[in-house]
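> Need a 3D model of the following:
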Amino acid sequence: MNFDLTDEQTMICDSAERLIRELGALERRRERIARGEGFDRDLWSQSAELGWLALCVPEDAGGLGGSITDIALLMIELGRGMASDPLISSAILCSTLLAGSDWEGRADWIEQIMSGNGRLAFANLEPGDRAEWPAPRATTLKAEGNGFVLNGAKLLVQDGEGADGYIVTASIPGEQSQALLFVPADAEGLIQDHYRLIDGSRAADLRFDHAPISGGQVIGRGDGVAALLEDAIARASVATLASAIGSMEACLDICSDYLKTRQQFGQPIGKFQALQHMMTDMLVTTHNARSNLYHLLSRMDGDRDERAAALASARLAIGQAGLSVGRTGVQLHGGYGVTDEYAISHHYRYLMALEKRFGDSQAYGAMLADQLFGPIAA
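Sure, this is the predicted structure:
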């Protein structure tokens with residue numbers, strides 16, 4: 001695997017680092033969260049101007065056709081600033097679903113997402129789920145009259161508050177396959193409940209009560225939907241893991257500076273060997289996490305089973321690494337570490353939220369065990 005960045009990748013990293021430096025101030029983040037805003041709208045607007053919202057859209061769909069490595073490098077830099085804009089949910093996951101479909105409305109929505117004028121959210125997780133992986137859904141799409149009706153509930157729709165519409169998964173009674181549906185935010189029969197997550201981002205629970213669905217709202221149905229979902233969720237998971245790497249590396253910088261400036265017993269606390277050992281553990285854990293991300297990137301375009309195993313392994317390793325680095329960073333700061341005034345507490349909450357996104361470490365650990373040793377039931 002070639003670790004040298006191309007000129008285009010270097011430009012992406014430099015521009016992201018510069019933008020986070022301009023818009024990623026902790027005070028700005030705290031004020032935004034206090035106002036109840038789930039993401040920085042200025043950052044979202046700048047992301048559109050810089051072409052990041054078009055990065056993962058294929059060229060034949062009007063996008064830039066960037067690679068998954070390009071996306072990962074961008075998200076590492078954005079993760080340093082705990083960026084929680086809907087880039088993953090809308091510009092990566094939903095754009096991938098739309099670009100891989102032959103839905104007649106896909107071109108218009110892809111254009112709206114790339115320009116920053118429209119946002120979609122992915123509604124898949126249901127009560128009892130531990131991971132957002134293609135599986136039979138309790139939400140059902142039934143034929144009625146000249147169209148369909150949708151019934152069911154979706155939980156923890158990331159960036160669902162304020163979205164212009166939702167891409168919803170549903171099962172069709174009598175068929176083994178799933179359906180992908182476009183549901184506008186103001187649809188009849190749609191009930192929304194919005195709330196704040198631990199890191200300050202916003203999510204929504206959706207309930208569909210006999211919601212009418214026309215044939216023109218069906219993005220896809222049949223055997224190809226599962227593969228499309230798997231690819232889109234895998235790409236969004238890579239972006240999530242890359243964000244965690246960036247946040248962990250920011251934790252290292254924050255803690256290193258703190259140990260150099262915080263005085264105790266007439267000297268910087270960084271001179272105490274026990275704290276040096278903790279910093280060393282954080283460094284090794286973070287570097288191992290980045291290595292897991294590189295391994296996953298090398299398997300993204302390969303065999304489907306290899307990719308699934310690499311993704312489960314990376315989700316498990318990086319998820320646990322993020323929690324460990326965040327906890328250690330808080331511990332190094334002592335009581336200050338849990339307060340809202342210190343950046344380390346925000347990174348800790350950010351890493352906690354990322355570990356749960358698309359499925360927690362426990363769920364992916366079970367998936368990895370099944371892939372390596374076969375289902376427990378067997």
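> Could you pull out the strands in this protein for me?
120-123, 140-144, 147-158, 165-171, 178-184, 190-196, 202-213, 218-222, 263-264, 267-268 (DSSP state E).
> List the buried residues for the second one?
This points to strand 140-144. Buried residues in strand 140-144, defined by neighbour count with 16 or more other CB atoms under 10 Å: 140-141. In this view, the C-beta of every residue, glycine as well, is placed from N, C-alpha and C.
> Then the third one?
By 16+ other CB under 10 Å, the buried positions in strand 147-158 come out as 148-158.
> follow-up on the earlier one: ok, which of the strands of the chain comes nearest residue 67?
Nearest to residue 67 among those is strand 120-123; the distance by CB to CB comes to 21.6 Å.
> Can you dump the C-alpha atoms of the closest one in PDB for me?
Provided in PDB are the C-alpha atoms of strand 120-123 (Å, rounded to 0.1, in the frame of the first residue of the first chain):
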ATOM      1  CA  LEU A 120     -31.100  13.800   3.500                       C
ATOM      2  CA  ALA A 121     -30.800  11.400   6.500                       C
ATOM      3  CA  PHE A 122     -30.600   7.600   6.500                       C
ATOM      4  CA  ALA A 123     -33.400   5.900   8.500                       C
END
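> for that strand, packing partners?
If you count contacts as 3 or more CB pairs under 8 Å, 6 or more residues apart in numbering; DSSP states H and E, strand 120-123 packs onto strand 147-158, strand 165-171.
> show me the contacts for residue 246.
Shown in contact with residue 246 (CB atoms under 8 Å, 6 or more residues apart in numbering): 75-81.
> how near is it to residue 240?
Separation of residue 246 from residue 240 (CB to CB, to the nearest Å): 11 Å.
> same thing with residue 326?
Residue 326 is 15 Å from residue 240, by CB to CB.
> Residue 90 is in contact with residue 117, isn't it?
No - counting by CB atoms under 8 Å, residue 90 sits too far from residue 117 to count as a contact (11.4 Å).
> okay, these two: which has more neighbours?
residue 90 (26 against 11; other CB atoms under 10 Å).
> any idea what sits nearest the residue nearest the centre of the chain, other than its immediate chain neighbours?
The centroid of the chain falls nearest to residue 240 when counting by CA atoms, centre = their mean (4.0 Å). Spatial nearest neighbour of residue 240, excluding adjacent residues (CB to CB, 6 or more residues apart in numbering): residue 357 at 5.1 Å.
> now swap in residue 300 and tell me
residue 68 (4.9 Å).
> Give me the neighbour count for the one you found.
Counted with other CB under 10 Å, the neighbours of residue 68 add up to 18.
> the domain parsing of the chain - what is it?
Annotated domains of the chain cover 7-118, 121-221, 225-373 [automatic domain parsing].
> I'd like those domains as JSON lines, with mean pLDDT appended.
Listed next are the domains of the chain as JSON lines, based on pLDDT from 0 to 100:
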{"stretch": "domain 7-118", "mean pLDDT": "95"}
{"stretch": "domain 121-221", "mean pLDDT": "94"}
{"stretch": "domain 225-373", "mean pLDDT": "94"}
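> if I look at the residue nearest to residue 229 when sequence neighbours are not counted, how far off is residue 359?
Closest residue to residue 229 apart from its sequence neighbours, by CB to CB, 6+ apart: residue 134 at 4.4 Å. Between residue 134 and residue 359 the distance is 12 Å, computed by CB to CB.
> ditto for residue 163
For residue 163 relative to residue 359 (CB to CB), the value is 21 Å.
> which one of the two has more residues nearby?
residue 163 (25 against 22).
> Now residue 337. Nearest residue, chain neighbours left out?
Excluding the flanking residues, the one nearest residue 337 by CB to CB, 6+ apart is residue 330, at 3.5 Å.
> thinking again about what came up before, of all the helices and strands packed on strand 120-123, which lies closest to residue 216?
Closest to residue 216 of the helices and strands packed on strand 120-123, according to CB to CB: strand 147-158, at 9.0 Å.
> what sits against residue 118?
Applying CB under 8 Å, 6+ apart, we find residue 118 in contact with 109, 112, 164-165.
> So it versus residue 40, what's the distance?
Taken as CB to CB, the span from residue 118 to residue 40 is 18 Å.
> and if you look at residue 325?
Relative to residue 40, residue 325 is positioned 24 Å away (CB to CB).
> The two: who's more crowded?
Neighbours per residue (other CB under 10 Å) separate residue 325 from residue 40, with residue 325 holding more: 27 against 19.
> Now that one: closest residue in space, sequence neighbours ignored.
Residue nearest to residue 325 in three dimensions, not counting chain neighbours: residue 248, with 4.6 Å by CB to CB, 6+ apart.
> distance between the lengthiest helix in the chain and the chain's centre?
What stands out as the longest helix in the chain, according to DSSP state H, is helix 224-261. Centre-to-centre, helix 224-261 and its host chain are 8 Å apart (CA atoms, centre = their mean, to the nearest Å).
> and if you look at stretch 328-339?
Relative to its parent chain, stretch 328-339 has a centroid offset of 26 Å by CA atoms, centre = their mean.
> What residues sit buried inside that stretch?
Across stretch 328-339, burial judged by 16+ other CB under 10 Å covers 328-330, 332-333, 337.
> and if you look at stretch 209-229?
Across stretch 209-229, burial judged by 16+ other CB under 10 Å covers 211, 213, 217-221, 225-226, 228-229.
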